[in-house]
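Student: can't give you the sequence, but here's the structure:
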Ligand code: UGA
């Protein structure tokens with residue numbers, strides 16, 4: 001099929017490359033000429049395992065191109081809208097400027113029978129608001145939310161847990177659902193559930209899923225707070241309740257909490273939208289989820305302070321990680337970087353290392369000291385803080401070796417990623433988050 005993807009950020013670039021890998025003919029469109037040039041050269045503008053291979057293969061096959069010219073969308077069977085929906089500058093609600101602009105720019109190029117498929121995460125009610133303008137061209141608007149995780153984006157796009165398509169009532173809606181089924185034929189044939197819903201449900205599926213994940217993480221971090229005053233071990237608690245199939249162990253990882261470009265912004269936008277709908281109380285718990293999450297960053301700073309005897313001023317602290325999670329160079333709302341910045345703000349001599357995220361972190365916080373090499377970063381530290389559980393730290397850093405580099409063997413494990421006994425056996429004073 002012929003496909004256009006409007007917006008080539010994280011979501012759009014991955015989607016375009018993935019669609020080309022399925023055999024579709026894809027044009028990726030973005031207003032940023034720099035991004036278009038980078039993608040056209042087969043280079044990913046961000047760190048995402050597997051993406052460059054897919055980009056290069058797509059470009060070499062002739063099925064994948066990028067342009068700044070929206071007119072090149074003309075003739076596509078399906079136009080995916082993949083632009084960002086950041087928080088508004090003066091509040092938590094989603095800023096729909098880019099979605100509205102993308103649709104407006106696309107309208108003159110639409111033709112009857114084509115499908116416009118929104119992928120961006122939007123407040124419930126957006127598709128219904130935009131439908132009339134699209135339908136006036138004879139094309140049909142559907143909403144097809146994306147559930148990809150950074151670091152696993154290629155796999156999540158090609159083999160999602162489910163596909164959801166919100167369609168309008170009537171024949172045009174049913175035909176548009178069939179068109180999307182054809183786009184995702186490989187996944188559908190492999191048995192991946194394909195759910196056809198109304199607009200509002202499809203929009204809600206996305207924010208509800210992220211709200212649930214955020215709630216799960218904050219739930220276990222709330223338990224960590226209780227563990228801290230009772231001497232319990234939250235990691236054992238996660239394992240024990242996680243064995244209950246109704247609960248499940250995933251997203252029960254306690255520590256400094258969630259960050260990134262999605263979970264924090266999406267739960268705030270959801271709460272703001274519920275308020276507009278007169279249902280603020282229905283999701284008021286999301287404010288609490290947010291508050292618990294942010295408290296864990298304070299707690300990490302407090303633990304480092306305690307570990308250093310009450311003050312961090314002028315002390316040498318090595319922070320392992322800057323990205324909001326491993327397998328990503330994204331530092332948007334990164335709890336890891338936030339902890340580093342707060343320690344720096346208290347006068348500590350902070351050195352940050354990360355396998356991928358240093359360039360992005362430096363751009364945002366040039367005041368911190370960055371060292372690429374993990375062992376160089378550790379050398380001379382009076383305390384080590386693990387905040388992003390990269391394999392280079394979680395699995396590959398031997399406590400005996402690390403102990404030979406630092407000045408004092410004091411460690412705060414902000415992700416509860418290490419075996420405390422092993423670090424203690426190597427002479428370290430170990431502090432976890434909600435662990436004795
Ligand atoms: C999240 C969702 O998982 C995706 O399904 C969704 O498509 C995406 O947002 C989006 O809306 O675009 P992502 O932001 O890539 O994906 O990150 P996750 O892997 O979900 O992790 C989010 C944060 O939670 C990270 O900071 C991570 O360290 C933290 N986390 C995760 C925990 O603190 N504990 C856990 O057990 C799991």
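Tutor: On my side now, so go ahead. Please read all numbers here as calculations on a predicted model, not as lab measurements.

Student: so which residues on the stretch 301-436 of the chain come close to the ligand?
Tutor: 324, 325 (C-beta under 6 Å from any ligand atom). From N, CA and C alone the C-beta is placed, and that goes for glycine too.

Student: could I get the full set of helices for the stretch 301-436 of the chain?
Tutor: 335-345, 358-364, 374-378, 391-394, 399-405, 420-425 (DSSP state H, counting those that start in this stretch).

Student: now, of these, which is deepest in the fold?
Tutor: helix 335-345 (a mean of 24; mean count of other C-beta atoms under 10 Å).

Student: tell me how far the spatially closest residue to residue 18 that is not a sequence neighbour lies from the ligand.
Tutor: In this structure, residue 18 finds its nearest non-sequential neighbour in residue 157, 4.2 Å apart by C-beta to C-beta, 6 or more residues apart in numbering. From residue 157 over to the ligand the distance is 10 Å, taken as C-beta to the nearest ligand atom, to the nearest Å.

Student: what sits against residue 157?
Tutor: Each residue near residue 157 by C-beta atoms under 8 Å, 6 or more residues apart in numbering is listed here: 14, 15, 18, 146, 148.

Student: okay, the helices of the stretch 301-436 of the chain in TSV with mean pLDDT next?
Tutor: Formatted as TSV, these follow (pLDDT from 0 to 100):
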stretch	mean pLDDT
helix 335-345	98
helix 358-364	98
helix 374-378	98
helix 391-394	98
helix 399-405	98
helix 420-425	98
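
Student: please identify which of those helices is closest to residue 185.
Tutor: Minimum separation from residue 185 across the helices of the stretch 301-436 of the chain (C-beta to C-beta) falls at helix 391-394, 35.3 Å.

Student: distance between the closest one and the chain's centre?
Tutor: Relative to the chain's own centre, helix 391-394 is displaced by 20 Å; criterion: C-alpha atoms, centre = their mean, to the nearest Å.

Student: which residues sit against that helix?
Tutor: With contact meaning C-beta under 8 Å, 6+ apart, helix 391-394 is reached by 320, 321, 326, 355, 374, 386, 415, 417, 418.

Student: just the closest of these to residue 424, please.
Tutor: Of those, the one sitting nearest to residue 424 (C-beta to C-beta) turns out to be residue 418, at 10.2 Å.

Student: for that closest one, what are its contacts?
Tutor: 386, 394, 399, 411, 430.

Student: and the fourth one, what pLDDT?
Tutor: What it means is residue 411. For residue 411, the pLDDT comes out at 98.

Student: which residue is the nearest non-sequential neighbour of it?
Tutor: Residue 411 sits nearest to residue 384 (C-beta to C-beta, 6+ apart), 4.7 Å away.

Student: the contacts of helix 391-394: which two are farthest apart?
Tutor: 355 and 418 (17.4 Å).

Student: and the nearest residue to residue 185 once chain neighbours are set aside, how many neighbours does it have?
Tutor: Excluding the flanking residues, the one nearest residue 185 by C-beta to C-beta, 6+ apart is residue 22, at 7.8 Å. Counted with other C-beta atoms under 10 Å, the neighbours of residue 22 add up to 17.

Student: on that earlier part again, okay, and which of the contacts of helix 391-394 map to strands?
Tutor: 320, 386 (DSSP state E).

Student: hang on, the earlier thing: element containing the residue nearest to residue 18?
Tutor: helix 153-158 (DSSP states H and E).

Student: and that helix, what's buried?
Tutor: 153, 154, 156, 157, 158 (16 or more other C-beta atoms under 10 Å).

Student: next, count neighbours for the nearest residue to the second one once chain neighbours are set aside.
Tutor: This points to residue 154. Once flanking residues are discounted, residue 154 sits nearest to residue 50: 4.2 Å by C-beta to C-beta, 6+ apart. The number of residues packed near residue 50 is 17, by other C-beta under 10 Å.

Student: residue 239 now?
Tutor: Neighbour tally, residue 239, other C-beta under 10 Å: 12.

Student: how near is it to the ligand?
Tutor: 12 Å.

Student: next SSE downstream of the helix or strand harbouring that residue?
Tutor: In this assignment (DSSP H and E), residue 239 forms part of helix 234-242. Using DSSP H and E, the helix or strand that follows helix 234-242 in sequence is helix 263-276.

Student: related to what we said a few turns ago, mind picking the two most distant members of the contacts of residue 418?
Tutor: Once C-beta to C-beta is applied, the contacts of residue 418 give 394 and 430 as the farthest pair, at 14.2 Å.

Student: before we move on, back to that, out of the contacts of residue 157, which is most surrounded?
Tutor: Of those, with other C-beta under 10 Å as the count, residue 14 tops at 28 neighbours.

Student: ok, and the closest non-adjacent residue to that one?
Tutor: Once flanking residues are discounted, residue 14 sits nearest to residue 153: 4.4 Å by C-beta to C-beta, 6+ apart.

Student: can I see the domain layout of this protein?
Tutor: Following automatic domain parsing, one gets these domains for the chain: 2-197, 198-436.

Student: quick one: mean pLDDT for the shortest one?
Tutor: Which is domain 2-197. Mean predicted lDDT for domain 2-197 stands at 97.

Student: now that domain, how far from the chain's geometric center?
Tutor: 17 Å.

Student: the closest residue to residue 113 other than its chain neighbours: neighbour count?
Tutor: Ranked by C-beta to C-beta, 6+ apart and with sequence neighbours excluded, the top spatial neighbour of residue 113 is residue 138, at 6.8 Å. The local packing of residue 138 (other C-beta under 10 Å) involves 12 other residues.
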